[in-house]
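J.: Compute the structure for the input listed below.
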Amino acid sequence: MQVSGSRVAPAPVVEVNRENYQRPDDNPVKATASDPVSTFSVDVDTGSYSNVRKLLEQGSRPPADAVRAEEFINSFRYGHPAPTTRDVPFAFHTELAPAPWDSRRQLLMIGIKGYELPRDALPPMNLVFLIDTSGSMYSADKLPLLKKAFAQLVPQLRAQDKVAIVSYAGSAGEVLPPTAGDQHARILAALEQLEAGGSTNGGAGIELAYALARQSFIRGGANRVLLATDGDFNVGTVNQGALETLVADRRASGIALSTLGFGRGNYNDAMAEKLANIGNGNHAYIDSLSQARKVLVEQMGGTLYTIANDVKIQVEFNPARISEYRLIGYENRVLANEDFANDKVDAGDIGPGHEVTALYELTPVGSGAEQLPARRYATAASATPAAVAGEVAELRLRYKLPGQNDSKLLTRPVLAADARRTPSQSLQWAAAVAGFADQLRGGERMPAWNWDKVIQAAQAARGTDANGERAQAVQLMRLAQGLVDKPQPELDN
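T.: Next up, the predicted model:
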């Protein structure tokens, strides 16, 4: 067994705050008369929410850049209906109801749910754990937590699965060659020997990880590299553009890349999320053993397997009924409208049991709630045919089945007659979580809501909350409210 990538533990590393986030501007309000179509890729990542949770629990005000509304919303389950057959890999539905922060406006919720797969029916896995063992990983919330996190996944592995471990710290090392998944003791022993030390050359580690993944490639199986790091690729000749090209090339060959973020101080959220997006993977931030269990055990199928590739959503709004709209979140997943039908354009994937939730804020025609200035010479919307006059919008979804190159199209109208007088508990909760994210980003998009109203709305929409996650979110909102007057941390990017 080669262990060139692991080292004897050095003295603790004193860290400065070098966390790196990328914050695109909030999606703008758009006028339906001139821009009726909205297109974006699905996203099942949740890393932003768990990272912000850790910051709040440690008494730190999260930087606005760290907050991605869609990852807050998608951190919770909404009970979206599952498909009744596997002819289509997911079911989708919509709900239209008044917006809780302004009853003159409406919220359109789009919900997608992938079919479930029993654990014993999951295809064989070919996994490579790519583990950062640089000096910055020394602290308890980094490599020690990482080892415990992966140790929870190991007992789920089967004889038909393959696992390899690569560490990188200055130079990349093969810690465990491709090994049958039922060799639990051997895999756990290899994990346990990892120690933090050295500086980081992530590029070399990724190349070795992909080489091992190719060596054990399983046709029809789940072939994936799991990159676990604080994201500090700070030494060597790593060029981010070349790294992204490498990940994209390996994605095309059937090997996905997912990223797991750990720790504080030099957490590179921007790179971790971007690499996962390019690699047809997902990005999660692990702040506790319970979060590790949720991602790697309870949601293992959705984390490691894919049932639909390149899933895109397009909504065309009826200008006779909707004057303005705004997509909440998904800023870095927005696509050009012409990319919707272009099967060469990459988009997000959905795994078994995955839920995806998206919200649009709508301004109905004649509501008096318009946010954009009226045009003096605005062109009136063309007459709407009677056949579609009752439609608020048309929802379109494109997806590819795994291994296929041509996408399939699903469509469904959103009818004005189906609008609810009051939002369901699920929509109320999603709206409260969206309000939570907006407050953390400055509260500019929902000015009628303040912290008290967001917390009140969340408390009222908690429901049964069997696992306590919603109660925890309400507590996080209260913690955040107490930190709003504290200055935001200055990041040395």
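J.: all strands of the stretch 151-300 of the chain, in order?
T.: 162-169, 171-180, 222-229, 256-261, 283-285 (DSSP state E, counting those that start in this stretch).
J.: Could you dump the ones you listed into TSV with mean neighbour count and mean pLDDT added?
T.: Where C-beta positions appear, they are placed from N, C-alpha and C, glycine not excepted. Formatted as TSV, the strands of the stretch 151-300 of the chain follow (neighbours: other CB atoms under 10 Å; pLDDT from 0 to 100):
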stretch	mean neighbour count	mean pLDDT
strand 162-169	28	93
strand 171-180	19	90
strand 222-229	25	95
strand 256-261	26	95
strand 283-285	27	96
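J.: Surely residue 133 touches residue 201?
T.: No. Residue 133 is beyond contact range of residue 201, at 11.5 Å (criterion: CB atoms under 8 Å).
J.: which of these two has more neighbours?
T.: The neighbour comparison of residue 133 against residue 201 (other CB atoms under 10 Å) goes to residue 133, with 30 against 20.
J.: ok, now how distant is that one from residue 339?
T.: From residue 133 across to residue 339, the span is 39 Å (CB to CB, to the nearest Å).
J.: With residue 31 instead?
T.: 21 Å.
J.: With respect to residue 318, which of the strands of the stretch 151-300 of the chain lies nearest?
T.: strand 283-285 (35.2 Å; CB to CB).
J.: which other residues reach the closest one?
T.: Residues outside strand 283-285 that contact it (CB atoms under 8 Å, 6 or more residues apart in numbering) are 45-48, 50-51, 54, 258-262, 267, 269, 272-273, 276-277, 291, 295, 303.
J.: that older thread, between residue 133 and residue 201, which contacts overlap?
T.: Joint contacts of residue 133 and residue 201 (CB under 8 Å, 6+ apart) are residue 168.
J.: tell me the domain ranges of the protein?
T.: As assigned by automatic domain parsing, the chain contains the domains 32-117+308-376+385-483, 124-304.
J.: and residue 20, which of the ones you listed is closest to it?
T.: The nearest among these, by CB to CB, is domain 124-304 at 4.6 Å.
J.: now do the same end-to-end measure for the closest one.
T.: Distance across domain 124-304, first residue to last, is 10 Å (CA to CA, to the nearest Å).
J.: tell me the contacts of residue 343?
T.: Neighbouring residues of residue 343 by CB under 8 Å, 6+ apart: 310, 400, 405, 406, 407.
J.: Just list the residues touching residue 331, thanks.
T.: 24, 25, 26, 27, 68.
J.: Identify the farthest-apart pair in these.
T.: So for the contacts of residue 331, where distance means CB to CB, the most widely separated pair is 25 and 68, at 12.7 Å.
J.: So if I had to pick from the two, which one is more boxed in?
T.: Taking other CB under 10 Å, residue 25 and residue 68 do not tie; residue 68 has more neighbours (30 against 6).
J.: how close does the more buried one get to residue 23?
T.: Distance from residue 68 to residue 23, by CB to CB: 9 Å.
J.: Same check on residue 221?
T.: Relative to residue 23, and taking CB to CB, residue 221 is found at 37 Å.
J.: Residue 458 too?
T.: Residue 458 is 24 Å from residue 23, by CB to CB.
J.: Of these two, which one has the most company?
T.: residue 458 (23 against 15).
J.: contacting residues around that one?
T.: 429, 432, 433, 435, 436, 470, 473, 474, 477.
J.: where does it fall, helix, sheet strand or coil?
T.: helix (DSSP: H, G, I helix; E, B strand; the rest coil).
J.: For it, report the pLDDT, please.
T.: For residue 458, the pLDDT comes out at 98.
J.: Would you mind identifying the next helix or strand past the helix or strand hosting residue 394?
T.: Following DSSP states H and E, the helix or strand that holds residue 394 is strand 391-400. Using DSSP H and E, the helix or strand that follows strand 391-400 in sequence is strand 408-415.
J.: what's the angle from that following strand to strand 391-400?
T.: 160 degrees (axes from the mean of the first three to the mean of the last three CA atoms, to 10 degrees).
J.: quick one, helices of this structure?
T.: 47-57, 69-73, 143-153, 184-192, 202-215, 240-252, 269-278, 289-293, 300-304, 425-440, 451-460, 469-483 (DSSP state H).
J.: what sits up against the first one?
T.: The reference is to helix 47-57. 61-62, 66-68, 71-72, 75, 141, 259, 261, 264, 267, 269, 272-273, 283-288, 291, 440, 472, 476, 479-480, 483.
J.: Please indicate which of those residues are buried?
T.: 61-62, 66-68, 71-72, 75, 141, 259, 261, 264, 267, 269, 272-273, 283-288, 291, 440, 476, 479-480, 483 (16 or more other CB atoms under 10 Å).
J.: residues in contact with residue 336?
T.: Counting by CB under 8 Å, 6+ apart, residue 336 touches residue 39.
J.: do residue 58 as well
T.: Residue 58 touches residue 264, counting by CB under 8 Å, 6+ apart.
J.: Look up how far residue 355 lies from residue 89.
T.: 13 Å.
J.: which residues are in contact with both of those two?
T.: With CB under 8 Å, 6+ apart as the test, residue 89 and residue 355 both reach residue 114.
J.: Have a look at the two and say which one is more surrounded.
T.: A count of neighbours by other CB under 10 Å puts residue 89 above the other of residue 89 and residue 355, at 24 against 20.
J.: Give me the distance between that one and residue 397.
T.: Where residue 397 is concerned, residue 89 sits at a distance of 11 Å (CB to CB).
J.: Same question for residue 359.
T.: Look at residue 359 and residue 397: by CB to CB, they are 16 Å apart.
J.: where in the stretch 151-300 of the chain is pLDDT low?
T.: Judged by pLDDT under 70, the stretch 151-300 of the chain has its weakly predicted residues at 170-172, 200, 202, 232-238.
J.: Any regions of the stretch 301-450 of the chain where pLDDT drops low?
T.: In the stretch 301-450 of the chain (pLDDT under 70), the answer is 376-384, 386-387.
J.: no no, the stretch 1-150 of the chain
T.: Ranges of the stretch 1-150 of the chain meeting pLDDT under 70: 1-18.
J.: what ranges do the strands span in it?
T.: 30-31, 37-41, 90-99, 102-114, 125-132.
J.: looking at those strands, which is buried most?
T.: strand 125-132 (a mean of 27; mean count of other CB atoms under 10 Å).
J.: what lines up beside that strand in the sheet?
T.: strand 162-169 (parallel), strand 222-229 (parallel) (DSSP bridges).
J.: so which of these gets nearest residue 350?
T.: The nearest among the strands paired with strand 125-132, by CB to CB, is strand 222-229 at 13.7 Å.
J.: Might you calculate how far that closest one sits from the centre of the chain?
T.: In terms of CA atoms, centre = their mean, to the nearest Å, the centre of strand 222-229 is set 15 Å apart from its chain centre.
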